[in-house]
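Could you work out the structure for the sequence below:
(chains A, B, C and D)
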Number of protein chains: 2
Amino acid sequence: MNLPPLIQSFVLHFGEMGSRWGINRTVGQIYALLFLSRDPLNAEDIVEALGVSRSNVSMGLKELQAWNLVRLQHKPGDRRDYFTTPDDIWQIVRTLVDERKKREIDPTQSLLREVLMQKPGTPEERHAQDRMREMHDLFELLTGWYDDVQRLETERLVQLLTLGSKVQKILEMKDRLFVVPGGRTKRRDTKTSPER
Amino acid sequence: MNLPPLIQSFVLHFGEMGSRWGINRTVGQIYALLFLSRDPLNAEDIVEALGVSRSNVSMGLKELQAWNLVRLQHKPGDRRDYFTTPDDIWQIVRTLVDERKKREIDPTQSLLREVLMQKPGTPEERHAQDRMREMHDLFELLTGWYDDVQRLETERLVQLLTLGSKVQKILEMKDRLFVVPGGRTKRRDTKTSPER
DNA sequence: CCATCTTTTCAGAAATTACTGAAATGACGG
DNA sequence: CCGTCATTTCAGTAATTTCTGAAAAGATGG
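Coordinates of the predicted model:
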């Protein structure tokens, strides 16, 4: 590997980090390299930068494409494939969350729905099903929220995140303004509300 | 493995899922089992339920403890260790996010801060540093938001999530109420605002 | 202390995953 | 078509991770 030290630190770190996610070291390094690079890189560039085999790079790029994390480009008069990451870092976050949801949450929800249809035979199974229902409803709430905010323009999203829990203040204000005197504030019911 | 079918499906699924996270199959299965179980289980219970070796269970439990995902208990007159997961599923989510932040974001932020101190030698390095700064600021914003909402009571948090992007409506309302006529709404500046 | 029960450690085996080089496939331009 | 350049596939190997059994260490009651 022959890279400016500043870039090399980041690439190596991402390689290590990769293993804590579902991706391997090389894939992590390729991504890090593309993320930092100003210009699109072709497979041979990556081979030279990282010192891994051509075929390894090919497989790594294929995986990154399956994750929608890299974009394929072409240069006029050059028939090699060039790769980049999106310039907009928020787009990267959105993609990452989408893909993780697709790979981790969706299959789990599908299994949970299936198992929740079945009739429990024993009290043990009954309790297990209750737990699974809790998990299912939790995922439902979280993915519902995500689907919702994901549609916001980035500027609005940043605004929301910057506010953080100060949003609560505004909600309280809203409650104070619109609550029916003596009555409870209207709120959508969910099965995932706190237990105590 | 000798478990009610309903429980077995879930345990097996979690085992597979485990590999997509940083944890191995056995650890995933142990966790799933404890999550579904009404009563605390000891190591021998787990060995019998999953059909893996005693030492494997011991190591798995150690890892789950390192993640703060299981709680150690004792029964009077029994000196074996019993394990459970917290009853409150929201507590589980909080722990999970905390631990992943600690293992994935914090080390990266620390590396980014370090690298951002250095002086870039080339335009290439300069651009790389700009990218790293974007990533750093993004993490700063996200973790700031998380630290903030994490402190909310669960009921408030659920309320917030249920609202989803409808919060935006309330923000717009707030803007309309409090904006200085003819002027721009005051907003905290961040370096992570959208580029276009 | 000892006997017994429990958990932990760890070296080696087993299983899985990552990586490579060579060969196959594909994609032009002439 | 053919030659060249580029990418993909894949079988075999290397590296890593997971798992096990045996032994060690720890804890407790007598």
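
Could you tell me which residues of chain A lie near DNA strand D?
Residues of chain A lying close to DNA strand D (C-beta under 7 Å from any atom of the strand) are A:19, A:42-44, A:54-55, A:58-59, A:61-62, A:78-81. Quick note: C-beta positions are derived from backbone N, CA and C, even for glycine.

tell me which residues in the strand ranked longest in chain A are buried?
Identified as the longest strand of chain A according to DSSP state E is strand A:78-84. Within strand A:78-84, the residues that count as buried by 16 or more other C-beta atoms under 10 Å in any protein chain shown are A:Tyr82, A:Phe83, A:Thr84.

what ranges do the strands span in chain A?
A:41-42, A:71-75, A:78-84.

quick one, the second one and strand A:78-84 angle?
Per axes from the mean of the first three to the mean of the last three C-alpha atoms, to 10 degrees, the angle that strand A:71-75 makes with strand A:78-84 is 150 degrees.

Next, see if strand A:71-75 gets close to chain B.
No: using C-beta under 8 Å from any C-beta of the partner chain, strand A:71-75 never reaches chain B; the gap is at least 15.3 Å.

Spit out the contact partners of the residue lying closest to A:Gln73 once chain neighbours are set aside.
With C-beta to C-beta, 6 or more residues apart in numbering or on different chains as the criterion, A:Gln73 has its nearest non-adjacent residue at 4.5 Å, and that residue is A:Tyr82. Applying C-beta atoms under 8 Å, 6 or more residues apart in numbering or on different chains, one finds that A:Tyr82 lies in contact with A:Pro40, A:Leu41, A:Asn42, A:Leu72, A:Gln73, A:His74, A:Lys75.

Which of the residues of chain A next to DNA strand D ranks first by neighbour count?
Greatest neighbour count in the residues of chain A next to DNA strand D, by other C-beta atoms under 10 Å in any protein chain shown, goes to A:Leu61: 22 neighbours.

Quick one: residues contacting that residue.
Per C-beta under 8 Å, 6+ apart, neighbours of A:Leu61: A:Ile30, A:Ala43, A:Ile46, A:Val70, A:Asp81, A:Phe83.

doesn't A:Gly60 make contact with the fourth one?
No: taking contact to mean C-beta atoms under 8 Å, the distance of 9.8 Å between A:Val70 and A:Gly60 leaves them out of contact.

For A:Val57, grab the count of nearby residues.
24.

Now stretch A:8-17: buried residues?
Using 16+ other C-beta under 10 Å as the test for burial, stretch A:8-17 gives A:Gln8, A:Ser9, A:Phe10, A:Val11, A:Leu12, A:His13, A:Phe14, A:Gly15, A:Met17.

filter those down to the ones close to chain B.
A:Ser9, A:Phe10, A:His13, A:Met17.

quick one: the residue nearest the centre of chain A from chain B, how far?
By C-alpha atoms, centre = their mean, the mean C-alpha position of chain A lies nearest to A:Val97, the distance being 1.7 Å. According to C-beta to the nearest C-beta, to the nearest Å, A:Val97 stands 11 Å off from chain B.

Enumerate every residue touching that residue.
Contact analysis of A:Val97 by C-beta under 8 Å, 6+ apart lists A:Tyr146, A:Gln150.

ok, now A:Phe35?
Contact analysis of A:Phe35 by C-beta under 8 Å, 6+ apart lists A:Thr85, B:Arg131, B:Met135.

what's in contact with stretch A:1-10?
Residues outside stretch A:1-10 that contact it (C-beta under 8 Å, 6+ apart) are A:11, A:32-33, A:36, A:48-51, B:111-112, B:114-115, B:118, B:120-122, B:124-125, B:128-129, B:132.

do stretch A:136-156 as well
Taking C-beta under 8 Å, 6+ apart as the rule, stretch A:136-156 contacts A:88, A:90, A:94, A:97-98, A:101, A:105, A:108-109, A:112-113, A:116, A:157, A:160, A:190-192, B:89-90, B:93, B:158, B:161-162, B:164-166, B:168, B:171, B:193-194.

What residues of it count as buried?
Using 16+ other C-beta under 10 Å as the test for burial, stretch A:136-156 gives A:136-141, A:145-146, A:148-150, A:152, A:154, A:156.

returning to what we had before: just grab the bridge partners of the residue nearest to A:Gln73 for me.
With DSSP bridges applied, the residues forming beta bridges to A:Tyr82 are A:Asn42, A:Gln73.

Give me the distance between it and chain B.
Taking C-beta to the nearest C-beta, one finds A:Tyr82 at 16 Å from chain B.

A:Gln65: how many residues sit nearby?
Here the number of neighbours of A:Gln65 (other C-beta under 10 Å) works out to 13.

if I look at the closest residue to DNA strand C within chain A, how far off is A:Ala43?
Residue nearest to DNA strand C within chain A (C-beta to the nearest atom of the strand): A:Ser55, separated by 2.8 Å. Using C-beta to C-beta, to the nearest Å, A:Ser55 is found at 10 Å from A:Ala43.

how about the buried residues of strand A:78-84 in TSV, adding pLDDT?
Formatted as TSV, the entries for the buried residues of strand A:78-84 read as follows, by pLDDT from 0 to 100:
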residue	pLDDT
A:Tyr82	98
A:Phe83	98
A:Thr84	97
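
Tell me how far the closest residue to A:Asn68 other than its chain neighbours lies from chain B.
Spatial nearest neighbour of A:Asn68, excluding adjacent residues (C-beta to C-beta, 6+ apart): A:Thr95 at 5.1 Å. Distance, A:Thr95 to chain B, using C-beta to the nearest C-beta: 14 Å.

Equivalent analysis for A:Lys62, please.
On the measure of C-beta to the nearest C-beta, A:Lys62 and chain B end up 18 Å apart.

Can you check the pLDDT for that residue?
Reported pLDDT at A:Lys62 in the predicted model: 97.

if you look at the contacts of stretch A:1-10, which of them are in helices?
Mapping the contacts of stretch A:1-10 onto helices (DSSP state H) picks out A:11, A:32-33, A:36, A:48-50, B:111-112, B:114-115, B:124-125, B:128-129, B:132.

For A:Gln118, give its distance to A:Leu112.
Distance from A:Gln118 to A:Leu112, by C-beta to C-beta: 11 Å.

again, but for A:Leu163
Noted for A:Leu163: a distance of 33 Å to A:Leu112, by C-beta to C-beta.
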